[in-house]
Each structure stands twice: as C-alpha cells, then as structure tokens.
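A.B. asks: Structure, please.
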Amino acid sequence: MRVIDRFQAIMAAVFFVAAIAAAWRVAVADDGDIWYVPLVLAVASALMTLGALRHRKKKRVQNED
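C.D. replies: Predicted coordinates:
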C-alpha cells in the first residue's frame with residue numbers, strides 16, 4: 001500500500017504543476033474558451049492529495065489497534 005501512497009502523492013504534484021501551466025497558458029492566450037482545464041486539474045490534484053492523506057491516516061489507526 002505504500003506504493004499507492006507514493007503514486008498518489010506524485011500524481012498530485014504532477015496535476016498541480018499541470019494546473020499552473022494550464023492557467024498560465026490560458027492567461028497568456030487571453031482565450032476564455034478553456035478556462036475549465038486549470039480548474040479540473042486543480043481539483044484532481046486536491047482529490048489525489050486528500051486520498052493519499054486519508055489512506056495514510058487510516059493506515060496509522062489500524063496499526064494502533
């Protein structure tokens with residue numbers, strides 16, 4: 001399960017960097033047609049981060065019992 005946690009953390013960072021790059025491209029192009037792409041990437045990054053943190057928290061609770 002540790003591999004899954006690492007994968008989620010890495011993918012969260014990748015989605016975050018992609019969201020920043022997409023937001024920059026939308027701002028530079030002055031094209032409002034694809035405004036939702038950075039938003040979707042930021043939400044994906046947040047969900048991956050929360051999933052990794054929830055899994056770690058759950059894992060620690062199970063080990064204490």
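
A.B. asks: can you count the residues close to V17?
C.D. replies: The local packing of V17 (other Cβ atoms under 10 Å) involves 12 other residues. C-beta coordinates here come from the backbone N, C-alpha and C atoms, glycine included.

A.B. asks: make that L41, sorry
C.D. replies: 20.

A.B. asks: do the same with the one 3 residues further on
C.D. replies: A44 is flanked by 17 other residues according to other Cβ under 10 Å.

A.B. asks: ok, now which ones touch R54?
C.D. replies: If you count contacts by Cβ atoms under 8 Å, 6 or more residues apart in numbering, R54 has none.

A.B. asks: separation between it and A18?
C.D. replies: Using Cβ to Cβ, to the nearest Å, R54 is found at 22 Å from A18.

A.B. asks: which SSE is the residue most central in space within the chain in?
C.D. replies: For the chain, the residue nearest the mean C-alpha position is S45 (1.3 Å; Cα atoms, centre = their mean). If you go by DSSP states H and E, S45 is part of helix 36-64.

A.B. asks: and the helix or strand where A22 lies, what other elements does it pack with?
C.D. replies: Per DSSP H and E, A22 falls inside helix 2-29. Judged by 3 or more Cβ pairs under 8 Å, 6 or more residues apart in numbering; DSSP states H and E, the packing partners of helix 2-29 are helix 36-64.

A.B. asks: Contacts made by stretch 20-38 with the rest, please.
C.D. replies: 19, 41.

A.B. asks: Mean confidence (pLDDT) on that stretch, please.
C.D. replies: Average pLDDT, stretch 20-38: 81.

A.B. asks: Ok, stretch 44-55 next?
C.D. replies: When pLDDT is averaged over stretch 44-55, the result is 82.

A.B. asks: Please save the CA atoms from that stretch in CSV.
C.D. replies: Provided in CSV are the C-alpha atoms of stretch 44-55 (Å, rounded to 0.1, in the frame of the first residue of the first chain):
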residue,chain,number,x,y,z
ALA,A,44,-7.8,16.5,-9.5
SER,A,45,-4.7,17.5,-7.6
ALA,A,46,-6.7,18.2,-4.4
LEU,A,47,-8.5,14.9,-4.6
MET,A,48,-5.3,12.9,-5.1
THR,A,49,-3.7,14.7,-2.1
LEU,A,50,-6.8,14.1,0.1
GLY,A,51,-6.9,10.4,-1.0
ALA,A,52,-3.2,9.9,-0.1
LEU,A,53,-3.6,11.7,3.3
ARG,A,54,-6.8,9.7,4.1
HIS,A,55,-5.2,6.4,3.3
